[in-house]
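S.K.: The following block contains a protein sequence and its predicted model.
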Amino acid sequence: MGNELPIIKSGDTRQQILDTAKGIILGKGFAAVGLNEILSTAGVAKGSFYHYFKSKEQFGNALLKDYFDDYLQMLEHMLKDDGSTNSSRLLGFFQFWLDTQSSDATTDKCLVVKLSAEVTDLSESMRLTLKNGTDRVIACLTHCVQEGIRTDEFPANLDAKTVTAEIYYMWIGATLLTKVGRTRAALECAMNATKARLGLN
């Protein structure tokens, strides 16, 4: 029994390809990675790839959708009401962002930052998948800000949608500059600016 190979469901093979590809693409980018590298690392036959994905572009869309689904699940968990304040949960998320995006671990990096400039010029469908995913992230963060305004944690005159979009755009830019400068400075600046924008200083 102990030496038998595990039974792999068809859905597991698809997920195995996506999970393996994510780590490789976070390190090298989308265009630079060939299917052979992904499949050999995943231990999956090439025919299996085309069973699930008709093209590399379709695969790229599936990869982004899977990434955003996981990211939103994590974000919703971090922001859900657990008895703490909305402001502490929101700042906890941004502290997590700061720590992960300034670390040396490739697997913690943001796929949005890694691929946005590259794939938006290569594929309209992947651009739209990125836009839909980032819109979902902003909407989730906006809900937390709205609740913070309702509970008087943030200034009542804030427009939740506008301020959340501003903060998110700032963090995406700071993450990109962190890749350039290889220091935490840009992300720490974003954290300070976020606190100021939300009236938390």
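M.R.: Cool, the structure landed.
S.K.: in the protein, what spans have low per-residue confidence?
M.R.: Flagging of the chain using pLDDT under 70 yields the residue ranges 1-11.
S.K.: quick one, domains of it?
M.R.: Here the domain parsing of the chain from automatic domain parsing is 8-53, 55-197.
S.K.: how about these in TSV, adding mean neighbour count?
M.R.: In short, each C-beta sits where N, CA and C put it, glycine included. Listed next are those as TSV, based on neighbours: other Cβ atoms under 10 Å:
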stretch	mean neighbour count
domain 8-53	16
domain 55-197	16
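S.K.: what about the longest helix in this structure?
M.R.: Identified as the longest helix of the chain according to DSSP state H is helix 124-150.
S.K.: same for it, what does it pack against?
M.R.: Judged by 3 or more Cβ pairs under 8 Å, 6 or more residues apart in numbering; DSSP states H and E, the packing partners of helix 124-150 are helix 56-79, helix 86-101, helix 111-119, helix 160-181.
S.K.: Please state the offset of that helix from the chain centre?
M.R.: 11 Å (Cα atoms, centre = their mean, to the nearest Å).
S.K.: report the angle between the axes of it and helix 56-79?
M.R.: 10 degrees (axes from the mean of the first three to the mean of the last three Cα atoms, to 10 degrees).
S.K.: how far off helix 111-119 does helix 124-150 point, in degrees?
M.R.: Using the same axes, to 10 degrees: helix 124-150 against helix 111-119 is 140 degrees.
S.K.: mind checking how far residue 66 is from residue 178?
M.R.: For residue 66, the distance to residue 178 equals 24 Å [Cβ to Cβ, to the nearest Å].
S.K.: which residues does the closest residue to residue 76 other than its chain neighbours contact?
M.R.: Closest residue in space to residue 76, ignoring its immediate chain neighbours: residue 140 at 6.2 Å, by Cβ to Cβ, 6 or more residues apart in numbering. Residues near residue 140 by Cβ atoms under 8 Å, 6 or more residues apart in numbering: 72, 75, 76, 79.
S.K.: what would those residues look like in TSV with distance to residue 20?
M.R.: Formatted as TSV, those follow (distance: Cβ to Cβ, whole Å):
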residue	distance to residue 20
72	22
75	24
76	26
79	29
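S.K.: Among the residues you listed, which one sits closest to residue 43?
M.R.: Top of the list for closeness to residue 43, among these and by Cβ to Cβ, is residue 72 at 28.8 Å.
S.K.: Please tell me I have it right and that closest one contacts residue 136.
M.R.: Yes - using Cβ atoms under 8 Å, residue 72 is in contact with residue 136, at 5.8 Å.
S.K.: Give the residues shared as contacts by the two.
M.R.: Joint contacts of residue 72 and residue 136 (Cβ under 8 Å, 6+ apart) do not exist.
S.K.: Which residues does stretch 119-136 contact?
M.R.: Contacts of stretch 119-136 (Cβ under 8 Å, 6+ apart): 30-31, 57, 60-61, 64-65, 67-68, 71-72, 112, 115-116, 168.
S.K.: what do you get if the cut-off is 6 Å, keeping everything else the same?
M.R.: Applying Cβ atoms under 6 Å, 6 or more residues apart in numbering, the contact partners of stretch 119-136 are 30, 57, 60, 61, 64, 68, 72.
S.K.: Tell me how far the last one lies from residue 154.
M.R.: In this view, residue 72 and residue 154 are 22 Å apart by Cβ to Cβ.
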